[in-house]
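Novice: A structural model of the following input is requested.
(2 chains)
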Amino acid sequence: MNGSARSNALARALFGALSVGSLLFTWWLVTSLELVKPLILPPPADVWVGFLDIWYGYLNVPFWNHFLASISVMLGGYAMAIAIGVPLGIFMAWNRAVDWVVGPLLQILRPIPPPAWIPLAILWFGIGYAGKIFIVFIAAAVPCILNSYLAIKQTPSELLSSARSLGAKPHTLLFEVAIPSGLPTIMTGLRIALGIAWASIVAAELVVSLAGFGFLIMNGYRNLESNIVFVGMAAVALLGLLMNLVFHRIERAMLPWREDQDNG
Amino acid sequence: MPNNLSYENVTMRFEGRSGAVQALDRFDFQVKSSEFLVIVGPSGCGKSTLLHLTAGLYKPPTGRILLGGEEVREPGPDKAIVFQNFSLFPWKTVHDNIDFGLRINGVPAADREDQIKRVIRLIGLDGFENHYPRQLSGGMQQRVAIARSFVLKPRTLLMDEPFAALDAQNRQIMQEELVRIWQTQRPTVMFITHSVEEAVFLADRVIVMTRRPGRVKEVIDIANITGDHHWRADPFDEVIRRADFQDVRSRIWGLVKSEISVRN
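Specialist: Okay, here's the model as predicted:
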């Protein structure tokens, strides 16, 4: 990193702290002057109390139960989406027949927003884990399939021609040229899917659940405890951010050859 | 094993959006074994098509191409092709790019290391084995692309404007390097370029092609003009100042220009 890039990073961090700081300050100011009712916007102190409440067991359910409920369902659905979506997208791109059979089905299902599946998921799989895993799977599979498909379709033709002229047979072209060439695009799909998976588990929990962050938010709302709603939302945001960071690390480790290693 | 190339009435047409395009029309030619043949001609005269057909990447609808008397039916390491845009595998290091062809053609691991080491020394890239393509200059990348083909001991080396993307200095260096590398095995070379100087410097014979549909307009026997001491045996910047070199250059340029201006 050169000098100007370093001072840029410093300025960026400074402005970031300033903008978040002024938001928190305004929040504190508005609530302590009692310009809005605590139900509409709870003061920071109330939110802290709500946090402690949840941490030590809100409604006798320990914090980690909520955490595990949300994370386990999300990871289950996400893993299924990757395991099925990535190979499906790859084979659709590689084999015209698969594309022609599966493509139209996807075009019909794709425009349905994931939350619209919730009632059906409950009818089919009940209100337990299975229904929510299904929701997450449906939502996260779409970017997995689409990006894997694109990744293979966009393999530079000169790479394929070079490989063929070096003696590569079709299976080598797929596994040693098209897939590694498309891996960055596939990884981008997995990253988008991660965000969508997280959003859909919370959405599913808002509708029906007995634990998890969506449950916390909805329960806070039903009991008119807006501080609980705030804590639930903050936890969703922080965990989402954290997962994205972890994913970024994995992505970088998997793609050491990328040019844009230093960006984003 | 003779490595002569015979083109017997090769015709090629493409179905474009605005109807069929005739790329080659009854191309009939004999390339001698170990000859360095350079093809010049106006853009879109079917030069690249000719190389792709020779590499076996697709089949001509009529006519035949024979390498050492056997008809070319499919791509393979005996017909290596090098493209203008360095078509190295960006996710593989220099070492692994060169290893790719050896490995998929079943060369035993012990022999591979030895051959890779030797070819890397030949192209002067010792110490760069573990670099990714993006960490190399254009000239270095093109050396690796040549090495990757060359290590498989091709019978014919097909080069599609390989130095067109390089700056003038690197281009000159690479022309001299190519001559040196080629001399070690002397495969039959089919080399396409837009640079008439490059053609006159490198070629045993230069083919000037007509505008589309491409046919042989004229063949200039450079080796016959230079005798035993070919121009390419001397440094490029010395040769280019010689009167006999300039005579041939302007004669060929005149032929190419007449093909370009007929259209306008």
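
Novice: was I right about B:Ser34 contacting B:Pro2?
Specialist: No. B:Ser34 lies out of contact with B:Pro2 (Cβ atoms under 8 Å); the separation is 9.2 Å. From N, CA and C alone the C-beta is placed, and that goes for glycine too.

Novice: ok, these two, which is more surrounded?
Specialist: Neighbours of B:Ser34 and B:Pro2, each counted by other Cβ atoms under 10 Å in any protein chain shown, are more numerous for B:Ser34; the result is 17 against 12.

Novice: get me the contact residues on the stretch 151-264 of chain B for chain A.
Specialist: Residues of the stretch 151-264 of chain B lying close to chain A by Cβ under 8 Å from any Cβ of the partner chain are B:Leu152.

Novice: torsion angles phi and psi at B:Ile225?
Specialist: phi -70, psi -40 (degrees, to the nearest 10).

Novice: report how many residues lie close to the nearest residue to it once chain neighbours are set aside.
Specialist: The spatially closest residue to B:Ile225, leaving aside those adjacent along the chain, is B:Val248, at 6.3 Å (Cβ to Cβ, 6 or more residues apart in numbering or on different chains). Per other Cβ under 10 Å, the neighbour tally for B:Val248 reads 20.

Novice: which of the residues in the helix or strand where B:Val248 lies are buried?
Specialist: Here B:Val248, judged by DSSP states H and E, is contained in helix B:243-263. Across helix B:243-263, burial judged by 16 or more other Cβ atoms under 10 Å in any protein chain shown covers B:Phe245, B:Val248, B:Arg249, B:Ile252, B:Trp253, B:Leu255, B:Val256, B:Glu259.

Novice: which among the residues you listed gets closest to B:Phe14?
Specialist: B:Glu259 (20.1 Å; Cβ to Cβ).

Novice: tell me if I'm right that the closest one and B:Ser43 touch.
Specialist: No. Contact between B:Glu259 and B:Ser43 fails when scored by Cβ under 8 Å: they sit 10.2 Å apart.

Novice: report the separation between B:Pro133 and A:Gly103.
Specialist: From B:Pro133 across to A:Gly103, the span is 34 Å (Cβ to Cβ, to the nearest Å).

Novice: neighbour count: the two, which is higher?
Specialist: More neighbours surround B:Pro133 than the other of B:Pro133 and A:Gly103, with 21 against 13 (other Cβ under 10 Å).

Novice: got a list of what the more buried one touches?
Specialist: Contacts for B:Pro133 (Cβ atoms under 8 Å, 6 or more residues apart in numbering or on different chains) come out as A:Trp257, B:Phe86, B:Leu88, B:Phe89, B:Pro90, B:Lys92, B:Val94, B:Asn97, B:Gln141, B:Val144.

Novice: look up how far B:Asp114 lies from the residue nearest in space to the middle of chain A.
Specialist: Ranked by distance to the mean C-alpha position of chain A (Cα atoms, centre = their mean), the top residue is A:Gly195 at 1.5 Å. Distance of A:Gly195 to B:Asp114, given as Cβ to Cβ: 49 Å.

Novice: likewise A:Phe67?
Specialist: Distance from A:Phe67 to B:Asp114, by Cβ to Cβ: 56 Å.

Novice: with A:Ile179 instead?
Specialist: Per Cβ to Cβ, A:Ile179 is found 30 Å from B:Asp114.

Novice: more neighbours: which of the two?
Specialist: Taking neighbours as other Cβ under 10 Å, A:Ile179 and B:Asp114 compare with A:Ile179 leading, 18 against 10.

Novice: that one is in what secondary structure piece?
Specialist: If you go by DSSP H and E, A:Ile179 is part of helix A:179-207.

Novice: in the chain, which spans are strands?
Specialist: All of this is about chain A. Assigned by DSSP state E, the strands in chain A number zero.

Novice: ah, I was thinking of chain B
Specialist: B:5-16, B:19-31, B:36-40, B:62-67, B:70-71, B:79-82, B:156-160, B:188-192, B:205-209, B:216-221.
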